[in-house]
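Trainee: requesting a structural model of the entry that follows:
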Amino acid sequence: MGKEIERKFRVASDAWRASVTKTVHIVQGYLSKDIERVVRVRTADDRGAITIKGVTRHAERAEYEYEIPVGDARELLRELCLKPLIEKTRYYVPQGELAWEIDVFHAPQDGLIVAEIELPSADHVFERPAWLGEEVTADPRFYNQNITSRGL
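Mentor: Got it, this is the predicted structure:
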């Protein structure tokens, strides 16, 4: 079974920007936002993907992601995904063997900045950089599928 273990945080300052090694423009939408499962379509620059995610329990959930042709992903986003779509820029900041992914949202929550780190295990210890703010891992308002429909 595919599994994602992720912690999510607000960002307290722009100090992370000095350590960025890569950026990607992401457009994503949802074919399903059921409470027990979501089906997401995404383009990340010139790549397409479809992802199925299960319910989040603590910081863990089932996740299956498959690359699809970018043209198919764009068509799914345009024709079948629920609106509004999410548009964001993802910035990568390495930290040892891990990396922070900092998402700066452009739509529909313009200006929202959230940092995520994927962990190899739920009890994995990681350094919290000084620019990191409040943890929001358990706050459903910060799940991407909810960002399209709720104010923060």
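
Trainee: contacts and neighbour counts: CA atoms only from here.
Mentor: Fine.

Trainee: can you tell me how far the residue nearest to residue 74 when sequence neighbours are not counted sits from residue 66?
Mentor: Leaving out its chain neighbours, the residue that sits closest to residue 74 by Cα to Cα, 6 or more residues apart in numbering is residue 43, at 7.0 Å. Going from residue 43 to residue 66 by Cα to Cα, to the nearest Å gives 12 Å.

Trainee: off-centre distance for the one helix or strand the residue nearest to residue 74 maps to?
Mentor: Using DSSP states H and E, residue 43 falls within strand 37-44. Here the centre of strand 37-44 is set off from its chain's centre by 10 Å, with Cα atoms, centre = their mean, to the nearest Å.

Trainee: what does stretch 53-68 give?
Mentor: Between the centre of stretch 53-68 and the centre of its host chain there is 11 Å, according to Cα atoms, centre = their mean.

Trainee: got the end-to-end distance for that stretch?
Mentor: Using Cα to Cα, the distance between the terminal residues of stretch 53-68 is 17 Å.

Trainee: before we move on, what about stretch 70-90?
Mentor: Taking Cα to Cα, the span from the opening residue of stretch 70-90 to its closing residue is 18 Å.

Trainee: tell me the buried residues in that stretch?
Mentor: With burial defined by 16 or more other Cα atoms under 10 Å, the residues of stretch 70-90 counted as buried are 70, 73-74, 76-77, 81-83, 85-90.

Trainee: those residues in strands, which ones?
Mentor: Those of those mapping onto strands are 82, 83, 85, 86, 87, 88, 89, 90, per DSSP state E.

Trainee: from residue 49, how far out is the second one?
Mentor: The spacing between residue 83 and residue 49, counted by Cα to Cα, is 18 Å.

Trainee: and if you look at residue 123?
Mentor: Using Cα to Cα, one gets 29 Å for the distance from residue 123 to residue 49.

Trainee: these two - which one has more neighbours?
Mentor: Taking neighbours as other Cα atoms under 10 Å, residue 123 and residue 49 compare with residue 49 leading, 18 against 8.
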